[in-house]
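A.B. asks: sequence plus predicted model, see below.
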Amino acid sequence: MSTITKSLSSNLSVEHLRPFDVNRDLTQVADLVEQCFVDSLDQDGQRYLQQMRSAARNPAYLRWANMVAEKTAMPLSGYVWEEAGRIVGNLTLIPHLFRGRRLYLIANVAVHPDFRRRGIGVNMTHRALQHARQRGADAVWLHVREENQAAINLYRSLGFIEKDRRTTWQLERQNHARGSPDAQSLLRAKNAAPVRFVPRRVADWPPQRSWIRQAYPQEIGWHLSLRKLALQPGFWGFLYRTLNGVWVRHWSAFQGRRLLGVLSWQTSHSYADYLWLAASPQVEEGVITALLLHARQQLSARRPLALDYPAGRLESAIQSAGFQPHQMLIWMVIHPRDQV
């Protein structure tokens, strides 16, 4: 029996730990998450908390949420730590189905500042792992900010393994296209070979799809808003976009007849629209900067842009195009069925 299993066995009777109750816990959990992450909440996080508080006042939503908590990829289940009628700890469990495998994402792990260093986070995580094992989950994932070393150490001690580091880059609307340098001027200044930017062709999709798999591997791509079908040309891509209300645009970068990379823009319901960068591993950083600048000049300045990319890759190229790092997240995974 592993250390984790022993700890689970000894912690299940903790009287203050109970399942999240969507009918009565939403408002308190929203307040707790806001208090714990007030310094790092972005616009999407603030909107998420507003939605939680609004849902708490909607009886129809609460009835629906109770029926589908374990069937939909939404934050409707998890565990809370309650003392004297007050929720001081929260852990959200979000189920996913990916290629027939059941996965869980741990999110919103929050402990009130006055109750920290008492093992509340450890106990909630133990219980979440047992929950996942009992339901036959193949893996449990979580992400943590790079600077949160205490949380990283905790998750490593529980058996989580780091699988990826990713940086989210953002370009705010006020900087968007206004005063940005011309892409071709940049290339000439760098004495780079001529590059032309054209709308993506159907023939560009196979190499783009291959490069997307390298930048957004399937084992971690399921949690992103990237849906390859949304970017795919042809009837099925058109049907997906139509049914889901998604708009896309694509730009290909060529040097002579050689395709260097493809950049795709996708609308979103979040704070920013998405950019998906797919490029040859041999492409020069100056070309990537120019491709991003070209897209900026083609797009409206009304919406911010967000770009998710592996940490440490093409950083100077992305920054040179005006994007700023928003956060770096470390993605970690554990396989509950192996912890026996």
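C.D. replies: Thanks, I have it.

A.B. asks: how about the helices of this structure, start to end?
C.D. replies: Taking DSSP state H as the test, the helices found in the chain are 3-11, 26-36, 43-56, 59-68, 120-134, 149-157, 183-189, 205-215, 218-221, 228-231, 235-244, 285-298, 315-320.

A.B. asks: tell me the centre residue of the chain?
C.D. replies: Most central in the chain under CA atoms, centre = their mean is Leu224, positioned 4.8 Å from the mean C-alpha point.

A.B. asks: report the separation between that residue and Ala150.
C.D. replies: Separation of Leu224 from Ala150 (CB to CB, to the nearest Å) stands at 26 Å. Glycine gets a C-beta too; all of them are placed from N, C-alpha and C.

A.B. asks: tabulate the helices of the chain in a markdown table, adding columns for distance to Val198.
C.D. replies: A markdown table is the format used below for these (distance: least, CB to CB, whole Å):
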| stretch | distance to Val198 |
| --- | --- |
| helix 3-11 | 53 |
| helix 26-36 | 45 |
| helix 43-56 | 33 |
| helix 59-68 | 45 |
| helix 120-134 | 47 |
| helix 149-157 | 44 |
| helix 183-189 | 12 |
| helix 205-215 | 13 |
| helix 218-221 | 27 |
| helix 228-231 | 17 |
| helix 235-244 | 19 |
| helix 285-298 | 10 |
| helix 315-320 | 20 |
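
A.B. asks: what's the closest of these to Ala84?
C.D. replies: Nearest of the helices of the chain to Ala84, taken as CB to CB: helix 26-36 at 12.6 Å.

A.B. asks: tell me the pLDDT at the residue nearest to the centre of the chain?
C.D. replies: The per-residue pLDDT reported for Leu224 equals 79.

A.B. asks: which one of the helices of the chain has the lowest average pLDDT?
C.D. replies: Mean pLDDT is lowest for helix 3-11 among the helices of the chain, at a mean of 45.

A.B. asks: tell me which residues in stretch 330-338 are buried?
C.D. replies: 330-334, 336 (16 or more other CB atoms under 10 Å).

A.B. asks: looking at those, which is nearest Tyr79?
C.D. replies: Comparing the buried residues of stretch 330-338 against Tyr79 with CB to CB places Pro336 closest, at 15.0 Å.

A.B. asks: measure the residue nearest to that closest one when sequence neighbours are not counted to His126 for me?
C.D. replies: Nearest-residue entry for Pro336: Arg133, 3.9 Å, with adjacent residues in sequence omitted and distances by CB to CB, 6 or more residues apart in numbering. Going from Arg133 to His126 by CB to CB gives 11 Å.

A.B. asks: compare the two and say which is more crowded by neighbours.
C.D. replies: Legend: neighbour count by other CB atoms under 10 Å for Arg133 and His126, higher for His126 (23 against 19).

A.B. asks: quick check: the more buried one vs Asn108, distance?
C.D. replies: 17 Å.

A.B. asks: ok, Ile220 next?
C.D. replies: 19 Å.

A.B. asks: check Ala137 too.
C.D. replies: For Ala137, the distance to Asn108 - CB to CB - is 18 Å.

A.B. asks: what pairs with the spatially closest residue to Val29 that is not a sequence neighbour across the strands?
C.D. replies: Spatial nearest neighbour of Val29, chain neighbours left out: Asn90 (4.9 Å); criterion: CB to CB, 6+ apart. Beta-bridge pairing for Asn90 (DSSP bridges): Val80, Ala110.
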